[in-house]
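Student: Quick one, what's the 3D model for this:
(one chain, ligands or ions: 1)
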Amino acid sequence: MAISSQVSAERVDETLRPIDLDDRGIEAMLEAADIPALVLALVHMTGDLGLIRGDIRPLMEFLNPDDGLTDEQRERVKAQAAAVLAQHRDAPGAFYMPSDAELREMLSFLVGKPVPDEYAEFLTSELSLHGEDPYAQPDVEAVSASQRANYRVLVIGAGMSGLLSAIRLKEAGIGFDVVEKNDDVGGTWHENTYPGCRVDSANHVYSYSFKPKDWPQHFSNQKVLKQYFSETADEYGLREHIEFQTEVLSARFDEGSGQWQVTTRNARGETSTRNADAIISAVGQLNQPQYPDLPGLDSFKGPAFHSARWQHQVDLSGKRIGVIGTGGSAFQFVPHIAELAESVSVFQRTAPWIVANEDYFKEVPTEKHWLLRHVPFYAKWFRFSMFWRTAEGLLEAVTADEGWNRPEESVGEANQMFRDALIENLEMQLGDRPDLLEKCTPDYPPGAKRALIDDGKYLASLKRDNVHLLTDSIDSITENGIRLKSGEEHEFDVLIYGTGFKASSFLHPMSITGLGDKDLQESWAGEPRAHKGVTIPGFPNFYCCYGPNTNIVVNGSIVFFSECEVRYILGCLALSMSNDGKALNVRRDVHDRYNEWIDEGNAGMSWGQSGVNTWYKNASGRITQNWPFTLLEFWQQTRAPDAEDFELV
Ligand code: NAP
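Tutor: Predicted coordinates:
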């Protein structure tokens, strides 16, 4: 086929490296290829759309790593790729860029079904084949450069969302400062340093769209992630804008000036007040440690600490350690401390669901790195394939069927199938330990609380002779350890609280005062809500990243959400600036309608149906954290603000 539309190698990807291997070397690398991504890379290298119109039709299912192709088909693709790459090595040529219709055909090939109309724009933009920026906010350009430069935004926090906000504000030429309570960037990846800490979203999607990385691990550890955010701060020249060790104590909206007056405290304990036209809160949801509400908490005489405040100076070797909690944090550190300690007793209140993933602890192999770096277009399609796999993810498997009535098991047919698969995995791993199997089998539907991802490491650690899983209720903390309601007392040298965070206490402990001297926490009265998770009536020009109901638990990556939120916030800032700097106050009726829709959505999900304890809910049982819909829906919701949703203050 003639190559009708061509671009040079440099335009494709400036980080792309020349092919540096002989034929045998190329063949060896191709053994690790993701075949659907490779086929699409081949289309660019050959211009041959026949490659996706023949018998090769991949399957794409979230939990199923198998692409559904036969060995013969895979070998055929690899052989063709080897020849094309060798040719490209010897005589580098131009690449084929498909028309819109052809691109849609390629997307459909990858996702294994025709791409629905409403998805086409979203997916094309996410793929960013021509290097376009999918989360840029074009509305900003309508505001004059001087107006942008004179506007002042204060960003609170220099974690994933705060850095992202700063990058976008800087690109847009909007004046901004960042305050960060810690002494470095990275947020959760700076604070959580417990052994075994790593991300549980695939790293190739847990990264900024504009800063893909050739990740060393499929699910990188804390050090790698911290490094990524540190490098980002350096690369984008953000550190000079960040005041470290500076904590926001309060922010008050001054109705006279239409500005926020923000009081901060620095490392020396000095307080000062500054003005800002707008505030972006990027303080995270899982930031303030939650200690267990148990009597005697202060009475324990040995070292005791929270997983997010790990005391590395405490030597755990040969110690008797008590761990409270079996959530995402404890399940990561327990296998590590079990290798050092004399004994580890894990106190479990609710058994977590565990989703198996054999790549969870694996390094990305050399072959995969080579493919990502050297095969033109492969990295783009590979990342996109990972994005798609998780775009809808397990939403269907955690959606309730009407009339389904098995509250301790499942909320619907798909959920029951999901449960059966998870139970099968538990039985496979704990079949030889019926005592553990019983304790580790949850009595609530999958998805009702956050599942853990593991390749068997945690369950294997529970089988160790020096690890004990206790499920009796705790009565209190004592001088020497933990007393159970049964009266039994367990003595420990060290206590570790893997008891999570004050997730529903959004923005705690800052004091935020809006219109009419209204305090935010009083106005919420324990029911945090926001419009699109971002704006709150009565708090003009106050914008949240990762605010109420923007947490995703079974689909996508939280970085995607932040990118959408920041694009929306920049649209709000542009709207405010183009209205003489007047502040935007979201309309109460718009906000309320939106929240009814969110509540209805959550009521139909596993987490909205089950009564199990979870940080997704507040004290009254409302789901305050989760987004119940698709990624597409959030992408559409947050493309740009609708001026009709706001009144000007
Ligand atoms: P968590 O999921 O909220 O787990 C807290 C644990 O402590 C639960 O097992 C809870 O029991 C238990 N607990 C709390 N108070 C207790 C009490 N008074 N008595 C007995 N048990 C008590 O907290 P987390 O493990 O820190 O994880 C929080 C979230 O952070 C995760 O869900 C995840 O979203 C994120 N995270 C992610 C990663 C990752 O990316 N890999 C790692 C760590 C954390 P109940 O279940 O009965 O409430």
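Student: can you pull the contacts of the one residue in the stretch 301-450 of the chain that gets nearest to the ligand?
Tutor: The ligand sits closest to residue 327 of the stretch 301-450 of the chain, with a gap of 2.2 Å, by Cβ to the nearest ligand atom. No exception for glycine: its C-beta is placed from N, CA and C like everyone else's. Counting by Cβ atoms under 8 Å, 6 or more residues apart in numbering, residue 327 touches 352, 450, 452, 498, 499, 500.
Student: pretty sure the first one is in contact with residue 452, am I right?
Tutor: Yes: Residue 352 lies in contact with residue 452 (Cβ atoms under 8 Å); the separation is 5.1 Å.
Student: Just want to know which of the two has more residues nearby.
Tutor: Neighbour count, other Cβ atoms under 10 Å: between residue 352 and residue 452, residue 352 has more, with 20 against 17.
Student: Are we agreed that that one is in a strand?
Tutor: No: Residue 352: not assigned to a strand; according to DSSP: H, G, I helix; E, B strand; the rest coil it is coil.
Student: List the buried residues of stretch 245-265.
Tutor: Applying a neighbour-count criterion of 16 or more other Cβ atoms under 10 Å, the buried positions in stretch 245-265 are 246-248, 250-253, 258-260, 262-265.
Student: can you list the domain ranges for this structure.
Tutor: As assigned by automatic domain parsing, the chain contains the domains 6-134+366-389, 142-288+503-648, 304-360+408-497.
Student: Out of the buried residues of stretch 245-265, which is nearest to the ligand?
Tutor: Taking Cβ to the nearest ligand atom as the measure, the ligand lies nearest residue 247 of these, at 21.9 Å.
Student: Residues in a beta bridge with the closest one, which ones?
Tutor: Residue 247 forms beta bridges with residue 265, as assigned by DSSP bridges.
Student: so it touches residue 263, yeah?
Tutor: No: assessed by Cβ under 8 Å, residue 247 is found out of contact with residue 263, at 9.8 Å.
Student: hmm, back to that, averaging pLDDT over each of the domains of the chain, which comes out lowest?
Tutor: The stretch with the lowest mean pLDDT among the domains of the chain is domain 6-134+366-389, at a mean of 89.
Student: my guess is residue 105 meets residue 49, correct?
Tutor: Yes: Residue 105 is in contact with residue 49 according to Cβ under 8 Å; the separation is 7.1 Å.
Student: what is in contact with those two at once?
Tutor: Common neighbours of residue 105 and residue 49, using Cβ under 8 Å, 6+ apart, are residue 98.
Student: Residue of the stretch 451-600 of the chain nearest the ligand, please.
Tutor: Distances between the stretch 451-600 of the chain and the ligand by Cβ to the nearest ligand atom are smallest at residue 500, namely 2.5 Å.
Student: pLDDT at that residue, what is it?
Tutor: Here, the pLDDT recorded for residue 500 equals 97.
Student: Now do the same contact list for it.
Tutor: Per Cβ under 8 Å, 6+ apart, neighbours of residue 500: 286, 289, 290, 325, 327, 329, 615.
Student: just to revisit the earlier point, mutual contacts of residue 352 and residue 452, please.
Tutor: 327, 331.
Student: Weed out the non-buried ones from the contacts of residue 500.
Tutor: By 16+ other Cβ under 10 Å, the contacts of residue 500 give 286, 289, 290, 325, 327, 329, 615 as buried.
Student: Can you name the two of the residues you listed that sit furthest apart?
Tutor: Using Cβ to Cβ, the two most remote members of the buried ones among the contacts of residue 500 are 286 and 325, lying 13.3 Å apart.
Student: Just give the nearest non-adjacent residue to residue 175, would you?
Tutor: Leaving out its chain neighbours, the residue that sits closest to residue 175 by Cβ to Cβ, 6 or more residues apart in numbering is residue 152, at 4.8 Å.
Student: Would you mind listing the residues in contact with the one you found?
Tutor: 175, 176, 177, 275, 276, 277, 278.
Student: what do you get for residue 33?
Tutor: Contact partners of residue 33, counting by Cβ under 8 Å, 6+ apart, are 77, 78, 81, 367, 371, 378.
Student: Swap in 7 Å and give it another go.
Tutor: Going by Cβ atoms under 7 Å, 6 or more residues apart in numbering, residue 33 touches 78, 371.
Student: Would you mind measuring from it to the ligand?
Tutor: Residue 33 sits 28 Å away from the ligand, going by Cβ to the nearest ligand atom, to the nearest Å.
Student: So that residue, which state does it fall into?
Tutor: Residue 33 - assigned by three-state DSSP - is coil.
Student: May I have the phi/psi pair for it?
Tutor: Torsion angles at residue 33 (phi, psi; degrees, to the nearest 10) stand at phi -70, psi 150.
Student: Which one of the buried ones among the contacts of residue 500 is nearest to residue 572?
Tutor: residue 286 (25.1 Å).
Student: what residues does this protein put near the ligand?
Tutor: With the criterion set to Cβ under 6 Å from any ligand atom, the chain comes near the ligand through 198-200, 286, 292-294, 307, 324-330, 332, 347, 349-350, 450, 474, 498-501, 613, 615.
Student: Let's see which of these end up in helices.
Tutor: Taking DSSP state H, the ones among the residues of the chain next to the ligand that sit in helices are 330, 332.
Student: out of the residues of the chain next to the ligand, which are buried?
Tutor: 198-200, 286, 292, 307, 324-330, 332, 347, 350, 450, 474, 498-501, 615.
Student: Please flag which of these sit within strands.
Tutor: Of those, the ones assigned to strands by DSSP state E are 324, 347, 474.
Student: Which residue, neighbours along the chain excluded, lies closest to the first one?
Tutor: Just to be clear, that refers to residue 324. Spatially, and ignoring its direct neighbours in sequence, residue 324 is nearest to residue 347 (4.8 Å; Cβ to Cβ, 6+ apart).
Student: Next up, the contacts around that neighbour.
Tutor: Taking Cβ under 7 Å, 6+ apart, we find residue 347 in contact with 322, 323, 324, 470, 474, 482.
Student: Many thanks, have a good one.
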